[in-house]
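> The amino acid sequence is not available; the structure is as follows:
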């Protein structure tokens, strides 16, 4: 540290123009007021549709989510991308309405209806003012039950997916994530390939593939409706019964596990972007399943490692070295084993230095104890911020959807804070030691080979393999 | 839909806004300083933003990064952001931690400089340089948000230069600049403090008076730059950028009245009619219809001084070049002018804006930020409660008239990104449409 400002000549004169009043003492916290996650009502219609309702009556607003067990994990082999294409086509024509007419009808009510699919589920989201809920829900039900999949909209959205894959080749962050997925899973595992499909698989899709996928997977027993907002439980049940009660269909076929981890051991992959202004770094491997009993210990451990501004990774790479705008780590939780990764976008010249710091922090949290002040920061933050996470109907509905998708217990939110507070330093150490494995770490950098290649080789982690961005999007087995 | 608002002004000029909602034990503290990149001196582009970083490096009674730690330890969320003409700092905390958030904000408003060191400045300069690389230089189309304001404002105008700043100017920033900027702009009479959510009114006011009351007002109110601009662009302009992108993207900007002025509401509705969601004109014509674009939007920059901008952005479909994309956007704007806007189109836009408005009132942090913004720019936070009324007073004829004045060819400036030679999408990526598309 150099001298403080008061010792600089010019600064003193500036200070003189701004007298400093004496500081009042740092205040102590007041008495916490109780918070309860909204009361949740769960029921099932006779046809197997599950319904989860959380009344929140502060504003005349309602969020409805329709979850269908039809995420990218359900893509049939050779038809990767059909789940996302099907989901996005739901709102492009349904019942007797064209896509344009449907958009116009909903938007004229001030309602927004979006559909998409992640790995685990197809999610159709409606946000509407209370007064339009019945009308909007009728359209939402039509979209789920009777999408038309018009030829021209099918062709448009398939072309848009191909355009997205083209765009992805010039997006360093997305490339880094795709490359990490490619390296941490077995090449044949679904998780190793883009969730929206590759150039090759998407080009091969036709409308029939979408129709088949919808018929097999969009069925009442595969569907959960989550409603958060200005409704009563009875009113919500009646509405859903009216619009989805006479829907019939069988459970969808079982999923094929998409998460076989890579057996390649340590790897270093350079995604070549000549002239890139920065290097995007990812370091990780396949993580545990979400239902692991170590979940809360891993949550706290990750907060200490890279989940908070004051985490080890961020304080090291950003606040000590100035290598990056931000360094983080995280477990990506899905129904199957998803990646754990550390990430930072760093100045190209310090790529190896930054990677070394990441590896050192990984080793330190795996083999050493977290300090009391680190654990208490993570614990107090996660406990205290709990009510702030659920201020909106969208956030409440999303949290309930996560429970339903991942098969977490109904009392999850009621016991969350106690579970966070129960984690000890010994729990963290045991969980991090059990689930972090240096022998499987993949290092990925998206950057300029002329600046980055030698640095990556100097790490001595593994031989550097250089790939072209197109290798991550084209879907050829060469990569 | 009305939110409760109580206003106070301290003797030192600090404006204080209270908005109670005790349904959940969460409170937001939000502080807007009326200073942004527009107020930077010559040769110091990027300084307002670098300075924002320095405000997290401690103050007389707070260590470097301790602000973050104390708020997160209290179970709160926090951040700050810098814009062309304002900088904001905010915390959302469990309501029993209100005093801490206020105390932290007051300590840096009153006593920042003792904590400032050359080492901290050097480090944050590196962090900001990496932020620039991350958000601008290493992102496809990432330079748009410095190129577009530059294209749309004359070089002498305070909105012309880059907010994130040039590497050379960041390099030149000194501790003297920090002290000078602090003394000039970070004064209570140049700030609005909003508290929204769950708090006891009397206790909150007592804390505000205790913590902020003794902070002296500005010794001499700073000179503000001249933001005035003619109502329309003096001439059309066009900048073509060959970049590392696979698909062309066009930004078409039109000069409109300043955000919040009476005629601005028609322009804001025009933007929603043209390009808010899938029922909009641009999506219907360019994406769903002609399929020359994969995405098309229209929005306002929300600049409150001089003039605002209505911006259309559209990304080309594979196989469509930049010129064709740009021509399609121009044609749609021409058509809107020729045909005029219907009442149904305006009603659709109004309905969407109303839902968005109600949704935006849900979180204490968003409510506080909205109140600070309206108070900073327009003086009266109560305008939040009449904003939808001003939208509803706009007719289809008003929107049409607005477009006929502001969307004319002479008032369009174009920033066009095209693939650099070698980066263009291969032809085989595009398979021509197989069915006729309805416009």
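Received the coordinates, thanks. Keep in mind it's a predicted model, so treat the numbers as computed, not measured. Residues are numbered from 1 along each chain as shown, chains lettered A, B, ... in the order given.
> any idea which residue sits dead centre in the chain?
Using chain A. For chain A, the residue sitting closest to the mean C-alpha position, by C-alpha atoms, centre = their mean, is residue A:332 at 6.4 Å.
> other chain: chain B
Centroid check for chain B by C-alpha atoms, centre = their mean gives residue B:83 as the closest residue, at 6.0 Å.
> who's in contact with it?
B:36, B:37, B:163 (C-beta atoms under 8 Å, 6 or more residues apart in numbering or on different chains). For every residue, glycine as well, the C-beta is placed using N, CA and C.
> ok, so of those, who is nearest chain A?
Of all the contacts of residue B:83, chain A sits closest to residue B:163, with 15.1 Å by C-beta to the nearest C-beta.
> Find the helix or strand that that closest one is a member of.
Secondary structure assignment for residue B:163, by DSSP states H and E: no helix or strand.
> pLDDT at it, what is it?
Listed pLDDT for residue B:163 reads 94.
> which residues does the residue of chain A found nearest chain B contact?
Residue nearest to chain B within chain A (C-beta to the nearest C-beta): residue A:384, separated by 1.4 Å. Residue A:384 makes contact with B:73, B:74, B:75, B:76, B:93, B:94, B:97, according to C-beta under 8 Å, 6+ apart.
> still on that earlier bit, nearest spatial neighbour of the residue nearest to the centre of chain A, chain-adjacent residues omitted?
Closest residue to residue A:332 apart from its sequence neighbours, by C-beta to C-beta, 6 or more residues apart in numbering or on different chains: residue A:338 at 4.1 Å.
> Tell me which residues touch the one you found, please.
With contacts defined as C-beta under 8 Å, 6+ apart, residue A:338 is in contact with A:119, A:191, A:259, A:286, A:287, A:290, A:331, A:332.
> same thing with residue B:197?
So, once contact is read as C-beta under 8 Å, 6+ apart, residue B:197 ends up touching B:19-22, B:24, B:26-28, B:92, B:95, B:364, B:367-368.
> The residue nearest to the centre of chain A is in contact with residue A:289, isn't it?
No: using C-beta atoms under 8 Å, residue A:332 is not in contact with residue A:289; the gap is 11.7 Å.
> Tell me the confidence at the residue in chain B positioned nearest to chain A?
For chain B, the residue closest to chain A is residue B:75, as judged by C-beta to the nearest C-beta, at 1.4 Å. With respect to pLDDT, residue B:75 scores 97.
> Likewise for residue B:167?
Looking at residue B:167, the pLDDT reads 87.
> pretty sure it is in contact with residue B:129, am I right?
Yes: using C-beta under 8 Å, residue B:167 is in contact with residue B:129, at 6.2 Å.
> what sits against the spatially closest residue to residue B:395 that is not a sequence neighbour?
In this structure, residue B:395 finds its nearest non-sequential neighbour in residue B:346, 7.2 Å apart by C-beta to C-beta, 6+ apart. Contact analysis of residue B:346 by C-beta under 8 Å, 6+ apart lists B:269, B:273, B:394, B:395, B:396, B:399.
> Roughly how far does the nearest residue to residue A:118 once chain neighbours are set aside sit from residue A:120?
Computed as C-beta to C-beta, 6+ apart, the closest residue to residue A:118 that is not its neighbour in sequence is residue A:71, at 5.7 Å. For residue A:71, the distance to residue A:120 equals 4 Å [C-beta to C-beta, to the nearest Å].
> what number of residues lie near residue B:77?
Look at residue B:77: counted by other C-beta atoms under 10 Å in any protein chain shown, it has 18 neighbours.
> That one contacts residue B:91, correct?
Yes: if you go by C-beta under 8 Å, residue B:77 and residue B:91 touch, sitting 7.1 Å apart.
> Return every residue with contacts to both of the two.
By C-beta under 8 Å, 6+ apart, the residues touching both residue B:77 and residue B:91 are residue B:71.
> what residues are up against the residue lying closest to residue A:319 once chain neighbours are set aside?
When the adjacent residues along the chain are set aside, residue A:319 lies closest to residue B:65, with 5.9 Å between them (C-beta to C-beta, 6+ apart). By C-beta under 8 Å, 6+ apart, the residues touching residue B:65 are A:309, A:310, A:315, A:319, B:56, B:57, B:58.
> Show the contacting residues for residue 311.
With no chain named, the answer covers chain A. A:303, A:304, A:305, A:328, A:329 are the contacts of residue A:311 under C-beta under 8 Å, 6+ apart.
> that's the other chain; I wanted chain B
B:148, B:251, B:252, B:253, B:254, B:298, B:299, B:300, B:301.
> List the beta-bridge partners for residue A:122.
Bridge pairing for residue A:122 (DSSP bridges) gives the partners residue A:68, residue A:117.
> burial of it, as a residue count?
Neighbour tally, residue A:122, other C-beta under 10 Å: 29.
> Spit out the contact partners of it.
Per C-beta under 8 Å, 6+ apart, neighbours of residue A:122: A:66-68, A:70-71, A:83, A:86-87, A:90, A:115-116, A:217-218.
> all helices of the stretch 301-450 of chain A, in order?
Using DSSP state H, counting those that start in this stretch, the helices assigned to the stretch 301-450 of chain A run over residues A:312-314, A:351-367, A:372-384, A:393-406, A:412-422, A:425-435, A:449-458.
> winner for burial among the ones you listed?
helix A:312-314 (a mean of 24; mean count of other C-beta atoms under 10 Å in any protein chain shown).
> low-confidence ranges in the chain?
If you meant another chain, say so; for now it's chain A. A:1-17, A:476-479 (pLDDT under 70).
> The intended chain is chain B.
The low-confidence ranges in chain B, as defined by pLDDT under 70, are B:422-439.
> circling back: how far away is the residue nearest to residue A:332 from residue A:191?
With C-beta to C-beta as the criterion, residue A:338 and residue A:191 are 7 Å apart.
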